[in-house]
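Peer 1: Provided below are the primary sequence and the corresponding predicted coordinates.
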Amino acid sequence: MKACIMCGGEGTRLRPLTFDRPKPIIPILNTPSVVHLVEHLAVEGFNEIVLTIGYKGNEIQDALGDGRLFGVHIEYVRDKIKHGTAGSIKNAEHLLKNEPFIVIGGDHVMDLNLRELYRFHEHNDARVTIGLLPIEDPKDYGIADMDVFNRIHRFLEKPGSGEIFSNLASTGIYVCEPGILDLIPVDNNYDFAKDLFPKMMHNNEKINGYLVRGHWTDIGNSSAYRQACKWKLEKLPGTVINGHFNSQGARVLGPVNIGNGVSIGSDSALVGPIMIGENTTIGNQVLIGPYTSIGSNCVIKDGARILSAIIFNDVEINTQTSISGAIIDNSTKIGCKCVLETGTVIGPRVVLRDNVTIHSNVKLWPEVVIEKDSDISETQENPR
């Protein structure tokens, strides 16, 4: 079975996390999210994978290679201009024209049964089958009106107030017959939801829906990204210690996954699920709470409190600092007695001096320096 993963976008809604990397390389449990996606596709039986790449696409190629590490074969097609979702697939037509294929966004995180969706499509006569999932607030998605025979009669992208006729949201996962490539114009910014599906419905061409079950999100914003990390942490099977581990009487309540060379000081407490990367040092009387992921080569000093946070690599957190529900990118240094509130997103190489408070949902762009005793309630950008 063949899959096409779209990885060409710039991920502007996830800035500052996408200044240094494309969105599919953002880590989930210290592994690029696209690696989790390819591993899931491999388990589901999709062993021929096409990736359309654009912004910082070389980093995606470096992470995945030719796919043999994951038991699949990967080929890449570079989008030199913005083609739109359907236009990007058209750009890869020479690799997709021989059999049905599944289309997936490079920012998707899921545990859905994709093989079941593909088989349903094979046994029905629609040219496209859309994976649908009931959600509470579908206004940021395409929504579909589907009958008992799985036929979609209406489809509306990002409905406004008074237009939400259904809570069946499109996951952006489509199983397509290669013939739909003939409906997509060449060298045009053409979208599945905004252009192709309305055109097909106007022409009375059959589009099916299929109700998928399980976890799914696209990490299009920091809230969805934190949710995806939480799902993955919930699946940790138990306590795993990889290689050498030094603990001076710390209390560890699993599940936790601890990398090689991790050191934890005295009277510290870890309450899982938690992921800690290799060569990270945790001081004395540090509290690390559930749903926290910490990268490699980090230093967390005495008395720090970290709850439901996502911390990348080479981050330094000084004494008595409190971090709750924040995301912190690579090589950031945080001073003593700082407070980072829920929803804070800190870009790479940021410096926070001592006694700084960052209020909820504030973002700090890369290399911003926040001086001592500052109270920051608005996003801080810098020219890039």
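Peer 2: Alright, I've got the coordinates. Residues are numbered from 1 along each chain as shown.
Peer 1: residue contacts, the residue lying closest to Asp191 once chain neighbours are set aside?
Peer 2: Nearest in space to Asp191, with sequence neighbours left out and distances taken as CB to CB, 6 or more residues apart in numbering, is Gly84 at 4.3 Å. For every residue, glycine as well, the C-beta is placed using N, CA and C. Residues in contact with Gly84, defined by CB atoms under 8 Å, 6 or more residues apart in numbering, are 188-191, 194-195.
Peer 1: now with 10 Å, please.
Peer 2: 6, 8, 90, 184, 188-196 (CB atoms under 10 Å, 6 or more residues apart in numbering).
Peer 1: buried among those? Need that as a selection in ChimeraX.
Peer 2: In ChimeraX, this line selects whichever of those come out buried by 16 or more other CB atoms under 10 Å:
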select :6,8,90,184,190,191,192,193,194,195,196
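Peer 1: in contact with Lys301, which residues?
Peer 2: Lys301 neighbours (CB under 10 Å, 6+ apart): 265, 281-284, 286, 316-321, 334, 336.
Peer 1: repeat the analysis, applying 8 Å as the threshold.
Peer 2: 283, 286, 316-319, 321.
Peer 1: so which of the contacts of Gly84 sits lowest on pLDDT?
Peer 2: Lowest pLDDT among those: Asn188, with 76.
Peer 1: ramachandran angles for the closest residue in space to that residue that isn't next to it in sequence?
Peer 2: Nearest residue to Asn188 in three dimensions, chain neighbours excluded: Gly87, at 5.7 Å (CB to CB, 6+ apart). Per-residue torsions, Gly87: phi -60, psi -30 (degrees, to the nearest 10).
Peer 1: measure Gly87 to Ile152 for me?
Peer 2: 22 Å (CB to CB, to the nearest Å).
Peer 1: could you do Ser293 as well?
Peer 2: For Ser293 relative to Ile152 (CB to CB), the value is 38 Å.
Peer 1: so who does Ile81 touch?
Peer 2: With CB under 8 Å, 6+ apart, Ile81 has these contacts: Asp187.
Peer 1: how does it look with 6 Å?
Peer 2: Not one residue lies near Ile81 by CB atoms under 6 Å, 6 or more residues apart in numbering.
Peer 1: check which helix or strand it maps to.
Peer 2: Here Ile81 sits in a region with no helix or strand, counting by DSSP states H and E.
Peer 1: ditto for the one 4 residues further on
Peer 2: Assignment of secondary structure by DSSP H and E places Thr85 within helix 84-91.
Peer 1: for Asp62, same thing?
Peer 2: helix 57-64.
Peer 1: show residues contacting that helix.
Peer 2: Under CB under 6 Å, 6+ apart, the answer for helix 57-64 is 7, 21-22, 24-25, 32, 53, 74.
Peer 1: ok, the residue nearest to Asn188 to Thr18 distance?
Peer 2: In terms of CB to CB, Gly87 sits 21 Å off from Thr18.
Peer 1: thinking again about what came up before, farthest-apart pair in the contacts of helix 57-64, please.
Peer 2: Farthest pair in the contacts of helix 57-64 (CB to CB) is Arg21 and Ile74. Separation: 18.6 Å.
Peer 1: coming back round to it: tell me the buried residues in the helix holding Asp62?
Peer 2: Neighbour counts over helix 57-64 (16+ other CB under 10 Å) mark 57, 59-60, 63-64 as buried.
Peer 1: for those, give me CSV that also has pLDDT.
Peer 2: Putting the buried residues of helix 57-64 into CSV (pLDDT from 0 to 100) gives the following:
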residue, pLDDT
Gly57, 91
Glu59, 95
Ile60, 96
Ala63, 95
Leu64, 96
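Peer 1: name the nearest of these relative to Leu233.
Peer 2: Relative to Leu233, and with distances defined as CB to CB, the nearest of those is Ala63, at 21.0 Å.
Peer 1: do I have it right that Ser293 meets Met275?
Peer 2: Yes. If you go by CB atoms under 6 Å, Ser293 and Met275 touch, sitting 4.4 Å apart.
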